[in-house]
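S.K.: using only what follows, build the 3D model:
(6 chains, ligands or ions: 9)
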Amino acid sequence: MRLWRFNGGLPSLAEHKNESVNFPIETAPVPPLLVYPLGQHIGNAAKPLVSTGDKVLRGQKIADAQGLISAPIHAGSSGVVTNIADHLIPHPSGFSAPSISIETDGLDEEITYVPHDDFRQLSTSELVDIIREAGIVGLGGAAFPTAIKLNTQNKALHIDTLILNGAECEPYISCDDRLLKERPHLVIEGIEILLHMIRAKRAILAIEDNVPDTFKSIQDAIAKNNNPAITAVQIPTIYPTGGEKQLIQTLTGKEVPSGEIPADIGIVSTNVGTVHAVQRAVIEGKPLTSRIITVTGEGVKKPHNLEVRIGTPIQTLIDVCHGYTKHAERLIMGGPMMGFALLNDEIPIVKATNCILVASKEEAITEKQAMPCIRCGLCASACPVSLLPQQLYWFSKSEQLEKAEALNLFDCIECGCCDVVCPSHIPLVQHFRYAKSALKVQNHDKHLSDVARDRFEAREERIARDKAERAERSRKKKAALKSKPAKEEIDAAVSRAKAKKQKPTENET
Amino acid sequence: MSDSRSVLIKSGWVLGLFSFIGIGLVSLTYSVTHEKIAENERLFILKNLRELVPGTLHDNDLLADTLQIAQAKEFAGKHPVTIYRALKNKKLVAIIAAPTAPDGYNGSIKLLVAIKENGELIGVRAVSHHETPGLGDAIDTNKSDWIHAFNGRSLSNPPIRSWHVKKDGGDFDQFTGATVTPRAVVKAVLKTLQYYQANHSNLAKIDG
Amino acid sequence: MSDYLLILVSTILVNNFVLVKFLGLCPFMGVSNKLETAMGMGLATTFVLTLASICSYLANQYLLAPLGLEYLRTITFIVVIAVVVQMTEAIVHKTSPLLHQVLGIYLPLITTNCAVLGVALLSVQEDHGFIESGLYGFGAAIGFSLVLVLFSTIRERITVSDVPEPFKGNAIALITAGLMSVAFMGFSGLIKF
Amino acid sequence: MHFLTSNAPFIAPQNSIQKMMLWVLIALAPGVITMIWQFGFGVLINIIICVTTCVVAEASMLKLRNRPILPFLSDLSAVVTGLLLALALPTLAPWWIPFIGAFIAIVIAKHLYGGLGYNPFNPAMIAFAILMVSFPKSMTVWMLPHSLLPENAQFSDALSLIFGQSPSQSIIDAMTAATPLDEMKTQLGLSLTVEEIQSRSIFGGLSGQGWQWVSAAYLLGGIFLMYKKVISWHIPLGLLFGLFIISTGFYLFEPGVTPSPLFHLFSGGAMLGAFFIATDPVTAATTLKGRFIYGVLIGLLTYIIRTWGGYPEGIAFAVILINMAVPLIDHYTQPRVYGHK
Amino acid sequence: MDSYSKILKNGLWENNQAFVALLGLCPLLAVSNTVINGLVLGLATTLTLVLSNTVVSLIRHQVGSEIRLPVFVLIIASIVTTIELIMNSYFYELYLILGIFIPLIVTNCSIIGRAEAFASKNPVGASFIDGFGMGLGFTAALVILGAMREVLGSGTLFANADLMFGDAAKDMVIYVISDYEGFLLAILPPGAFIGLGLLIALKNVIDKRLSKPASQSVSLSMDAKKA
Amino acid sequence: MSFFVLILLFAAFGILLGYAAIRFKVEGDPIVDQIDSVLPQTQCGQCNFPGCRPYAQAIADGEAEINQCPPGGEAGIAALADLLGVEALPLNAENGIEKATLVAVIDEETCIGCKLCIQACPVDAILGAPKHMHTVIEAECTGCDLCLPPCPVECITMEPIAKTLSLWQWDKPDVSQKKAPS
Ligand SMILES: Cc1cc2nc3c(=O)[nH]c(=O)nc-3n(C[C@H](O)[C@H](O)[C@H](O)COP(=O)(O)O)c2cc1C
Ligand SMILES: Cc1cc2nc3c(=O)[nH]c(=O)nc-3n(C[C@H](O)[C@H](O)[C@H](O)COP(=O)(O)O)c2cc1C
Ligand SMILES: Cc1cc2nc3c(=O)[nH]c(=O)nc-3n(C[C@H](O)[C@H](O)[C@H](O)COP(=O)(O)O)c2cc1C
Ligand SMILES: Cc1cc2nc3c(=O)[nH]c(=O)nc-3n(C[C@H](O)[C@H](O)[C@H](O)CO)c2cc1C
Ligand code: SF4
Ligand code: SF4
Ligand code: SF4
Ligand code: SF4
Ligand code: FES
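M.R.: Residues are numbered from 1 along each chain as shown, chains lettered A, B, ... in the order given. Ligands and ions are numbered 1, 2, ... in the order given. Down below sits the predicted model:
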């Protein structure tokens, strides 16, 4: 199959996959406490269905989707809801947010699931419902509700190609690789479900060429399955080839137009983990309550891939990996290129978590010591989106954010390539994240001030109208008065006015 | 409408009034000064000439007795050349030619070349030039004495084959690192001398 | 034909009005903070300068010279220029309020842009004919606009540079102009006099 | 357990300014050695004065401006500036020429704009241009390559020239000459043909005696820099391409009185300029397309100044002239962003 | 109403046309290659400024906005031409050196600038003082810049003094550095720009020194606000 | 006396300019809209004008400086300076100081429903009927403080806006070169 090359990227990033990739997936134990932040996907936060003291079972829906773009949340084990309150969430802000906490009872009792042995009997909309109810969101990073993504008929989009993202391009992470090694048949079955749903002609499963054995096992599985629509492809190991847009470009040569989604050019892409979750939800009827996570880095004694219940505090995972080493310095959720550092290990795993990296000093640098930009242009050569990071940086640094926006700041995927190659050690991505968030706030403020202006003007108009009406009325009244000067009426008016004046004083006491 | 017409008229006469005052003032000053200015201009040209041919040497008005050579083939240039004649007792004592050396480093160099009646050089001056400051501008008297090297020279002193800069095997110094300018000046002076030799009789002729 | 070309090369590059002849410096320093304003100013100046140059030529040729009023040249030229500018301003104000806002106080100041009067006076001094006068004005204006635009782009970059405190603003801008002038000396000699 | 936080990416940077500058210095080595071989130790003296002055000026400015000294000194950019300036200066320039030049480069052209990374003009070339217009006499005295030196000229003569005591005029005249470019220009001005001019001793096979080897050494170093990815091909090849095209055009149009394209490429500062000077990242265009255009423009302008302008060598002026246009070039050559038309 | 000394100080220092307002740059840069040139042009400019300010102030109520500019330039041009004619007749060689910059006093932006910004809004006395202060400030700038460029560029001071003060002044020329090769840049166009840039920076440093106690508290409060 | 021709010509110029002044007269000023769109629309009157638009008008007319709007703060001044092509000035302390935007909150226990705050609010951000307690629509309150003085029972307080994840801002990296990279 012909492959294309996206601009830039980092072809020679150290991979660090061997630390974790050679051990089979283990299942993490049920922790004493499970914590579910209500907003762990893109879109509106979920709405709790339980209250403190309620007993819940594994697989039971404890919070429901709220609005169109949202996803329900299910309990990962049986136990009692202890509180619904703010809890530290895995987010770079270090904020706390409403979360449901469940104290597990160790019995791990489950609800009864409704399996569907033959998904081909089901219509797309039935499948979409199943996936939505299962609370499945994209497990590749963005946590976008998968049901919406797969509901392409709804929008009358014609999908031609399904892309399965098994690239796993970030260093250290190996959960998708393990999944493909150990459960290729389940993934293939998931792909068939997706193909059935979106009626695409072909499905391409992309795997980086640095894991030939995985590729072999997946090809065997495809051969066994014997579905001609499904092919597996090895793609060059260039970070960030797993980025959705880069992967699409690599495989099809097409670009997703800025501001649009892949479906607009006839492509749906999902992570292989997501497909696995779909397979489980449809065939076994099980909602998304667990996922595979890589726990790695020099800071843990035994790096590992674990099947983890969502809501499990990180601490529990570390214990499974035999605890911290003395090198543990930094706790990073996600990979070293795009992840974010966490304050402590009481923070729970969420649906989007694919990796916990406990980094040593050498593995994760602290703040960079920036020199001035020397305009060498290496950043631009490395940018997979062909931006000009150096100019974006000048504008964000000097608060000329509109100019940065005009240079397509919002097309930046925050991959970090520019940052790593910069000889001046400028924290470029951080500047861009800052600029983007500041612009969002600015736009919000702008919106508020526009609203205020409209309301102010409306009010002014109303007051002017009132005034005119009042003037009109008093003029009429005066005229009437003149023609019929009735004394009692004047008296009445005077006393009315007096009463009016007194009212506030009365209230004050 | 009448309102706007009054604006038109007002701006017209205000501007007219002020121009009357202003122009009147200037015209008044002009009428007082214009003769002196004309005299200044005359004196200024004369001053340059007098430097080469002092007033004691001649008794005529240098500016009044000039020749214009339009197509100055002999001077190897398309620039017209003015020749001033210095007379004493109605006899030619010297001429001052104003040739232009066309081949300076940055274009042409305007010279004044004063020649005694006998063909000996009184002196040479560069009147205007665009040579590189610090390099070619040593032909200016207030930058260096180089140009005085011509004083007293003639076609036989040195002999014509030595009318070159030293670098080209001649007798005249060049400036360090700048040969073009001196070369151009030497060449122009030589040409002027040769022209004078060829046209000596014509130039000496006094009519009337 | 090549004479006309020479006039253009000379006025735009070799004897650039701003960097070599020192004319039109105030707007050069004043309206060069932003690229768009610089472009607007360049356009306005080009228009006014060409027009003023031609008008001055006409005034000189058909009014002053026949009447023997050369000593009133400065006055006549400047009034002609003031009128041309004011008419331009009125028209721009009406037709393009934005441009007017951008050019702000500088449109009236074009009158006092030395370059305009300078062009007119120099043009007379050099005995230019009609077409030459127009070209001379046009070339001078293009030279002005060229360095103005380049200067503004550099200034945009400098404002976000780590310039030492005492040099911030006008000081570094002037030094930049000086270095630009050094660069333009590279063109010297392109035209032999 | 609590942890430190900071922001992604966490991977240590792979490159540094210091490394880039070091590669530049290394790539200049062949050129420097050839220069010394051909033109003697005057080159070395220039280098020592320039580099020392640059480094001292850099340190003083950093101190004055209250900036950390060590990290900025150790980035070696001042050394590169000093070295490049030294290589552009005539070999026999009196000592104060490199001194003043280095001062101008670092203080005026670099630190008044904020130091490393902020200067819009190439510091070394600004210094060169200012020296050229200020001291044209001292800036045009080049030593003859060693193969042409008369027997009686000694190293000590060069030294005494540099340090101010003039040896006899005859020795000076014997040791010095205009550069081939200068000579070519001057003599063409006197209506000689290229062939006649090139038959003189200072001219060699390609360009000038000695000069062609120096140019070749720079070319070698430049290729090394491209291989090390410190510079991209766009600027140097653009510049050489521009110079080649225009000189070929005129060569074909007016043979005999126009020097050959190879002469242009291998004389003066063309190679040094193409690979080391025009490529100064701080002052060059940043987009790839822009860099090529930037290079071509410098090449064209170099030829124009060399051929019709007042200075025999146009690289320095061409570089700073096009430096001025860099923001505009960058503005109009932005690459197409992924997903945009 | 500002007191006169305040107006003077404004012209000489705080709103110096050359260093702060950056007006009148063309003559400033073009003729400041020697002290004497600068001085002469400065004096001529001062005279023009004083006269034009006074006249403009006198007539400020009589002129409508549509012809204000032409009237102003007409007045200025008349004054300048008169001065030019007088110089032409009494200081002919200086007049030649200053060349086109004498008639160009007309378009010296600072003159029309003061007419617009001050004289057209203020009474005669204040306008007179303002013109005087601004003119002196401008002259000072010309002389300082001229001195700087002359010393650096040619190693002399007061060259050509004789053209202004007569032959007796020939001895006034000071050879600051004898046998000086000359830093040509200083007297070439770039030197003018760079020199003025350096002077402005110097003024900024002095201003900062002068206002240190006051400005510190301001900057503190600004910092507090940001925090 | 030939210069009388010139004088006549100049007088004619005067008439021409007078004509141009009438013919090309400009009404209205779109720049006011642009200025107004930059102002924060808090409508607080701290600029000494009765609202943002009057202030915008005053700026356009050259009657007010650009540094009189505290809610707009330094950023607002910079935007105005940019729009008008003038130098930015520091905020005029006489008009107030820049502070974080707050919202008004009415203590519903104490509120007596007097309606005075409703009349004061320039953007109609307060809801309530006479004698019933009032509430502030948080999303529409501009934090202008104008409702505080009229309240007879001082039940209105200004509270900071709750932080939300969607409006959370990343830190800006330190860009000063003053610190020694150690
Ligand atoms: C705000 C937002 C809205 C989206 N809307 C849709 C949508 O309507 N349909 C769809 O199929 N995908 C939608 N997506 C999903 C994207 O196409 C993409 O698959 C997802 O963001 C994951 O990409 P990433 O992890 O590379 O960022 C949306 C994503 C985001 C962030
Ligand atoms: C720089 C970058 C790198 C990414 N790398 C991967 C990856 O290696 N594997 C992956 O599955 N998703 C990766 N993603 C996320 C994908 O873009 C995309 O969100 C995901 O494949 C969509 O599938 P999902 O909706 O099933 O999560 C990456 C995103 C970015 C921005
Ligand atoms: C910038 C520059 C300006 C020059 N200006 C002049 C000049 O004005 N006059 C001149 O004779 N030579 C000038 N030259 C020198 C000539 O280029 C040439 O080197 C010299 O005239 C040859 O003389 P030589 O044979 O003594 O070396 C200049 C050279 C340069 C580089
Ligand atoms: C490839 C390369 C070329 C350079 N060329 C120059 C140069 O021509 N002139 C110079 O002053 N510095 C040069 N430098 C050094 C440095 O970039 C320069 O001092 C900056 O302009 C200072 O801000 C160069 C550096 C590199 C990496
Ligand atoms: S890589 Fe760094 S130094 Fe180079 S241009 Fe980009 S931001 Fe500047
Ligand atoms: S972080 Fe943004 S700018 Fe940098 S390389 Fe990635 S996409 Fe480009
Ligand atoms: S101070 Fe600002 S926000 Fe308040 S009314 Fe004035 S312009 Fe509007
Ligand atoms: S509620 Fe109060 S603070 Fe808020 S906008 Fe209305 S008056 Fe202003
Ligand atoms: S003096 Fe202001 S433009 Fe010349």
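
S.K.: could you list every residue that touches F:Ile106?
M.R.: By Cβ atoms under 8 Å, 6 or more residues apart in numbering or on different chains, the contact set of F:Ile106 is F:117, F:126, F:133-136, F:155-156. Bear in mind the C-beta positions are built from the backbone N, C-alpha and C, glycine included.

S.K.: distance check, A:Ala438 against F:Trp170.
M.R.: 8 Å (Cβ to Cβ, to the nearest Å).

S.K.: what of E:Cys109?
M.R.: Computed as Cβ to Cβ, the E:Cys109 to F:Trp170 distance reads 47 Å.

S.K.: compare these two and say which is more crowded by neighbours.
M.R.: Comparing E:Cys109 with F:Trp170 by neighbour count (other Cβ atoms under 10 Å in any protein chain shown), the higher total belongs to E:Cys109, at 25 against 18.

S.K.: that one against E:Gly24, yeah?
M.R.: Yes: in this structure E:Cys109 lies within contact range of E:Gly24 using Cβ atoms under 8 Å: 5.6 Å.

S.K.: please enumerate the shared neighbours of the two.
M.R.: Residues within reach of E:Cys109 and of E:Gly24 at once, by Cβ under 8 Å, 6+ apart, are C:Cys26.

S.K.: near ligand 5, which residues of chain B show up?
M.R.: Taking Cβ under 6 Å from any ligand atom, no part of chain B reaches ligand 5.

S.K.: can you list the domains in chain F?
M.R.: For chain F, whose domains are defined here by automatic domain parsing, the residue ranges read F:30-95, F:102-160.

S.K.: ends of the longest one, how far apart?
M.R.: Across its full length, domain F:30-95 reaches 26 Å between end residues, using Cα to Cα, to the nearest Å.

S.K.: quick one: mean pLDDT for that domain?
M.R.: The predicted model gives domain F:30-95 an average pLDDT of 85.

S.K.: what about E:Leu157, neighbour count?
M.R.: By the other Cβ under 10 Å criterion, the neighbourhood of E:Leu157 contains 18 residues.

S.K.: so what sits opposite it in the bridge?
M.R.: The residues paired with E:Leu157 through beta bridges, assigned by DSSP bridges, are E:Ile174.

S.K.: next up, the contacts around D:Ser74.
M.R.: By Cβ under 8 Å, 6+ apart, the contact set of D:Ser74 is D:Gln18.

S.K.: check the gap between it and chain B for me.
M.R.: According to Cβ to the nearest Cβ, to the nearest Å, D:Ser74 stands 39 Å off from chain B.

S.K.: so, low pLDDT: which residues of chain B?
M.R.: Applying pLDDT under 70 to chain B picks out residues B:1-4, B:70-78, B:176-177, B:207-208.

S.K.: other SSEs contacting the host helix or strand of A:Ala471?
M.R.: A:Ala471 is located in helix A:428-483, with elements delineated by DSSP states H and E. Identification of packing neighbours for helix A:428-483 by 3 or more Cβ pairs under 8 Å, 6 or more residues apart in numbering or on different chains; DSSP states H and E yields helix A:389-397, helix A:401-406, helix A:417-421.

S.K.: could you see whether ligand 2 lies near that helix?
M.R.: No: applying Cβ under 6 Å from any ligand atom, one finds helix A:428-483 out of contact with ligand 2, separated by at least 10.6 Å.

S.K.: hey, which helix is longest across chain C?
M.R.: Within chain C, and with DSSP state H defining each element, the longest helix by residue count is helix C:130-159.

S.K.: how about that one and ligand 4, touching?
M.R.: No: Helix C:130-159 lies apart from ligand 4 when judged by Cβ under 6 Å from any ligand atom; the minimum separation is 12.7 Å.

S.K.: got the angle for the following helix or strand past that helix vs helix C:130-159?
M.R.: Scanning forward in sequence from helix C:130-159 by DSSP H and E, the next helix or strand is helix C:170-184. Orientation check (axes from the mean of the first three to the mean of the last three Cα atoms, to 10 degrees): helix C:170-184 against helix C:130-159 gives 130 degrees.

S.K.: now stretch C:144-163: buried residues?
M.R.: Judged by neighbour count (16 or more other Cβ atoms under 10 Å in any protein chain shown), stretch C:144-163 contains these buried residues: C:144-159, C:161-163.

S.K.: ok, and which of these reach chain F?
M.R.: The overlap between the buried residues of stretch C:144-163 and the neighbours of chain F (Cβ under 8 Å from any Cβ of the partner chain) comes to C:Asp162.

S.K.: for the helix or strand harbouring A:Leu306, which residues meet the burial criterion?
M.R.: Under the criterion DSSP H and E, the helix or strand holding A:Leu306 is strand A:304-309. Along strand A:304-309, these residues count as buried under the neighbour rule (16+ other Cβ under 10 Å): A:304-306, A:308-309.

S.K.: ok, those vs B:Leu57, which is closest?
M.R.: A:Asn305 (111.8 Å; Cβ to Cβ).

S.K.: quick one: contacts for that closest one?
M.R.: For A:Asn305, the contacting residues are A:20-21, A:23-26, A:174-175, A:178, A:292-295, by Cβ under 8 Å, 6+ apart.

S.K.: which residues of chain D fall in strands?
M.R.: Here chain D has its strands, by DSSP state E, at D:142-143, D:176-177.

S.K.: what packs against the first one?
M.R.: Here strand D:142-143 is seen to pack against strand D:176-177 when contacts are counted using 3+ Cβ pairs under 8 Å, 6+ apart.

S.K.: so for the strand it packs on, mean pLDDT?
M.R.: The average pLDDT within strand D:176-177 is 71.

S.K.: helices of chain B, residue ranges please.
M.R.: Secondary structure of chain B by DSSP H: the helices cover B:2-52, B:180-204.

S.K.: just name the most buried of those helices.
M.R.: helix B:180-204 (a mean of 19; mean count of other Cβ atoms under 10 Å in any protein chain shown).

S.K.: any part of it near chain C?
M.R.: No: counting by Cβ under 8 Å from any Cβ, no contacts exist between helix B:180-204 and chain C, the nearest distance being 11.5 Å.

S.K.: pull the distance from that helix to the chain's centre.
M.R.: On the basis of Cα atoms, centre = their mean, to the nearest Å, the separation between the geometric centre of helix B:180-204 and that of its chain is 15 Å.

S.K.: packing partners for it?
M.R.: Taking 3+ Cβ pairs under 8 Å, 6+ apart as the contact definition, the neighbouring helices and strands of helix B:180-204 are strand B:91-98, strand B:100-104, strand B:107-116, strand B:121-128.

S.K.: not counting sequence-adjacent ones, nearest residue to C:Ser53?
M.R.: C:Gly137 (2.6 Å; Cβ to Cβ, 6 or more residues apart in numbering or on different chains).

S.K.: in this structure the one you found contacts C:Leu117, no?
M.R.: No: between C:Gly137 and C:Leu117 there is no contact, the gap being 11.3 Å when judged by Cβ under 8 Å.
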